[in-house]
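*Asks:* Generate coordinates for the sequence data below:
(chains A and B)
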Number of protein chains: 2
Amino acid sequence: MNSNLIVGQSGGPTSVINASLYGVVKEAHENKEINKIYGMLNGIEGLLNRRMIDFDELINSPSFEQLQYTPSAFLGSCRYKLPESFDDSTYRKIFEIFTEHEIGYFFYIGGNDSMDTVDKLSKYAAQINYEIRIIGVPKTIDNDLVITDHTPGFASAAKFVATSVREICLDVEGYKKPSVTIIEIMGRNAGWLTAASVLARNYHEDNPCLIYLPEIIFNMEKFIEDVRAQLKLRTNVVVAVSEGIRLGDDRFVCELLDTAGTDNFGHKKLSGCSKALDFEIRKHLGIKSRAVEFNVVQRCAAHGGSLTDIEEAVMSGRKSVEAALKGETGKMLAFIRKENKPYRMELESVDVCDVCNKEKKFPKEWITNNETDISSEFLDYIEPLIQGEPQVKTRGGLPHYVKLTKNSSSDEVKMVL
Amino acid sequence: MNSNLIVGQSGGPTSVINASLYGVVKEAHENKEINKIYGMLNGIEGLLNRRMIDFDELINSPSFEQLQYTPSAFLGSCRYKLPESFDDSTYRKIFEIFTEHEIGYFFYIGGNDSMDTVDKLSKYAAQINYEIRIIGVPKTIDNDLVITDHTPGFASAAKFVATSVREICLDVEGYKKPSVTIIEIMGRNAGWLTAASVLARNYHEDNPCLIYLPEIIFNMEKFIEDVRAQLKLRTNVVVAVSEGIRLGDDRFVCELLDTAGTDNFGHKKLSGCSKALDFEIRKHLGIKSRAVEFNVVQRCAAHGGSLTDIEEAVMSGRKSVEAALKGETGKMLAFIRKENKPYRMELESVDVCDVCNKEKKFPKEWITNNETDISSEFLDYIEPLIQGEPQVKTRGGLPHYVKLTKNSSSDEVKMVL
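*Replies:* Just a heads-up that it's a prediction; the model follows:
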């Protein structure tokens, strides 16, 4: 069997996707059964163009340790869906490249769509009798992968959301003039990250006082009345909404602004629902209103991330290599919560075909108070995940993150230390 | 002379406006010449309604120490401009309240507009022969106060901007598909905070590769050509722009979107220039583009702030009390840089009338490279200011910030611990 390994990153970046990568590379490096460690640049898309780096040159750099604290996809990412038919030449090409580079281990760090890639490649390998271990390492800020208790990347994003919502509440509550602030949080179909805004409260009935998840059909008239009722209780109303909230006719709220597009997977590009709500608030309540979009910042804000999340991401990378060495393939590493207090988590490998192309929604029974609040069960669930602050090394007063420089003409790659 | 003190906060909040407040209250508390310490709620506007708290009840709380790490205006803020004419009854009313509460010391933490309040009150006090010490404590993320080397609040906001721009660059550079990302940073007329985005670079010619300050007239055609030229050098172009950039006809760029309003001081409410540029990029270059607004997050993100900034804010609060006790009035505390390497700063009191209603613009000679870049002189200036990370205590994994709860009906105030 081939003894070289290749690892890639795919989908939207997170704060800890590089911690998972670090875990894979470190574990592989420490293991004699694995020879060369390659990284594909921009995931499967880069692999198809033979764009890859050799980690042997990087792993001995003293800066390599900083990789686990560096946000976003160090190797670059892609949004590339493999064809449904195995007759497509793409599969042949990928396995030609595997053969060329003597690849026996393939690791893909990503979300639902990336697990689809893992599933297809492992099935194709079986069909053509190519001996390889293909493992998925979970990652997504959306926390929407099934079977796993949670997903690396979620907790750091949740901690950023909770901290920043708390800070915004302090900011807007500084004024005596009535106001509404609408904070838009990522999450296409699953409200996990938006729900994390509930952590921002300092006490019962504190802001954010209204929370809207995509699991519930959004009703504009009810929303205006919810805000109106809150304005009787407090001067400054802070609302947290998921970017993915939809109206009864299945349109996204942001589509009211007519700025939505579509990405390569056919997902609608969401942005702007807070602007749409801001507009409706001004129109119906004639009050000062402001829309705040966390935008990409929420998924890449490694400063102020969760140490637990980073450590678990590293562990999931390491365990995926262990699983491969045990002969497993077509698997994803899933987190199983063994105990909550004290928090104890274990990683188990599960069939990736049971995970891919599925979405774990936020439990409806955790959505309370006339569908505008989150129950304490969610707090019990999330609190262990956001514990601990990483000690990110600084240089010149700023976090020291590592990155690859890519010479766009020659495709030569260097690690910036 | 009266021995009670009152302190207030005014204007836009910052991450360290409470550190200044902490400094004033601690220094006053340690000093026997000062009897009671009052805080006005929502600045001069609250004072006029006799809305104030007594710090004696709060200062012995163990949580009081957290005040110096808590962002935004703990006492609440206001945007209230005192009348130009001293014949206005407002002045009589304020000094009646001073007399009632035996106020002999008045401290106001704020920016240009707040220094105008300090100036007017100290001149009115002289006119009516009311013996009082009135001192301004500088604060603004805009760094646009004259005479002082810099202003508390600026460095923490700058550090947030630099860190977040660095994280966003990592995020967007993860994709192989060409893109333009436009990051909109606060700053009405002065580009200091936007200039801080230059710190995000890891190496020469790194992103953000284009920076536009409000000190330079913005030309849309030149902007499109600047971006087009950068797209020949790199796949992902990151642009930092000040919210306050204006066209040759003096319109704000954001006015192209027709969403601007006006605040109480007659300042135009800015937001949305990045969306306007995003629109122009798509229109002229037909490329993937994204607008990111840091919005209020940049001024209240105490997590990841500058320890130097916090310490200097506390010191400015303490020194303002010292100055008052020496008999000074109508003054503001200004930072004077005595040495840069090693960094050494001193606080001196200056006449507030020389500060108020003036703006310190970003030096044009520090704007380089065809008006799209920032010179190394600025790096030398800003680097000492952003050093050090505050060790913010956490509770349940999140920063432990203190706040007052205000019962809206009874105006009763409690400190949340």
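*Asks:* low-scoring stretches of the stretch 251-400 of chain A, by residue?
*Replies:* A:258-271 (pLDDT under 70).
*Asks:* mind listing what's buried in stretch A:91-101?
*Replies:* A:91, A:94, A:95, A:97, A:98, A:101 (16 or more other C-beta atoms under 10 Å in any protein chain shown). Every C-beta, even on glycine, is put in place using the N, C-alpha and C of the backbone.
*Asks:* State the mean pLDDT of that stretch.
*Replies:* Average pLDDT, stretch A:91-101: 98.
*Asks:* Dump it to CSV, restricted to CA.
*Replies:* This file holds the C-alpha atoms of stretch A:91-101, laid out as CSV (Å, rounded to 0.1, in the frame of the first residue of the first chain):
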residue,chain,number,x,y,z
TYR,A,91,-12.4,10.6,-10.8
ARG,A,92,-9.9,9.0,-13.1
LYS,A,93,-7.8,12.1,-13.0
ILE,A,94,-7.8,12.3,-9.2
PHE,A,95,-6.7,8.7,-8.9
GLU,A,96,-4.0,9.2,-11.5
ILE,A,97,-2.6,11.9,-9.4
PHE,A,98,-2.9,9.7,-6.3
THR,A,99,-1.0,7.0,-8.1
GLU,A,100,1.6,9.5,-9.3
HIS,A,101,2.2,10.7,-5.8
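*Asks:* Need the contact partners of that stretch.
*Replies:* Stretch A:91-101 is contacted from outside by A:2, A:4, A:6, A:36, A:38, A:44, A:47-48, A:50, A:52, A:82-83, A:103, A:106, A:120-121, A:124-125, A:128, A:130, A:132, using C-beta atoms under 8 Å, 6 or more residues apart in numbering or on different chains.
*Asks:* just the buried members of those?
*Replies:* A:2, A:4, A:6, A:36, A:38, A:44, A:47-48, A:52, A:82, A:103, A:106, A:120-121, A:124-125, A:130, A:132.
*Asks:* Which members of those are positioned in strands?
*Replies:* A:4, A:6, A:38, A:52, A:103, A:106 (DSSP state E).
*Asks:* pLDDT value on the closest residue to the second one other than its chain neighbours, please?
*Replies:* For residue A:6, ignoring the flanking residues on the chain, the nearest one in space by C-beta to C-beta, 6 or more residues apart in numbering or on different chains is residue A:38 at 4.4 Å. For residue A:38, the model assigns a pLDDT of 97.
*Asks:* Quick check: beta-bridge partners of residue A:38?
*Replies:* Counting by DSSP bridges, residue A:38 forms beta bridges with residue A:6, residue A:54.
*Asks:* so what's it up against?
*Replies:* Residues near residue A:38 by C-beta under 8 Å, 6+ apart: A:4, A:5, A:6, A:7, A:52, A:53, A:54, A:55, A:101, A:103.
*Asks:* unless I'm mixing things up, the second one is touching residue A:107, no?
*Replies:* Yes. Counting by C-beta atoms under 8 Å, residue A:5 sits close enough to residue A:107 to count as a contact (7.1 Å).
*Asks:* Mind listing the shared neighbours of those two?
*Replies:* A:24, A:321.
*Asks:* Test my guess that residue A:362 contacts residue A:198.
*Replies:* No. Between residue A:362 and residue A:198 there is no contact under C-beta under 8 Å: 11.5 Å.
*Asks:* What count of nearby residues applies to the closest residue to residue A:74 other than its chain neighbours?
*Replies:* Sequence neighbours aside, residue A:18 is the residue nearest to residue A:74 in space, at 4.7 Å (criterion: C-beta to C-beta, 6+ apart). For residue A:18, the neighbour count with other C-beta atoms under 10 Å in any protein chain shown is 32.
*Asks:* List the contacts of the one helix or strand residue A:18 maps to.
*Replies:* With secondary structure defined by DSSP states H and E, residue A:18 is part of helix A:17-29. Under the contact criterion C-beta under 8 Å, 6+ apart, helix A:17-29 has outside partners A:5, A:7, A:9, A:34, A:37, A:39, A:55, A:59, A:64, A:67-75, A:105, A:107, A:109, A:137, A:139, A:152-153, A:309-311, A:313-322.
*Asks:* Restricted to helices, list those.
*Replies:* A:59, A:309-311, A:313-322 (DSSP state H).
*Asks:* For PyMOL, what selects the buried ones among the residues you listed?
*Replies:* Only the buried entries of these go into this PyMOL selection, using 16+ other C-beta under 10 Å:
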select buried, chain A and resi 309+310+311+313+314+315+316+317+318+319+320+321
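*Asks:* want to throw the ones in helices among the contacts of helix A:17-29 into TSV with distance to residue B:144?
*Replies:* Converted to TSV, the ones in helices among the contacts of helix A:17-29 look like this (distance: C-beta to C-beta, whole Å):
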residue	distance to residue B:144
A:59	47
A:309	39
A:310	38
A:311	43
A:313	42
A:314	44
A:315	48
A:316	47
A:317	47
A:318	50
A:319	53
A:320	52
A:321	54
A:322	57
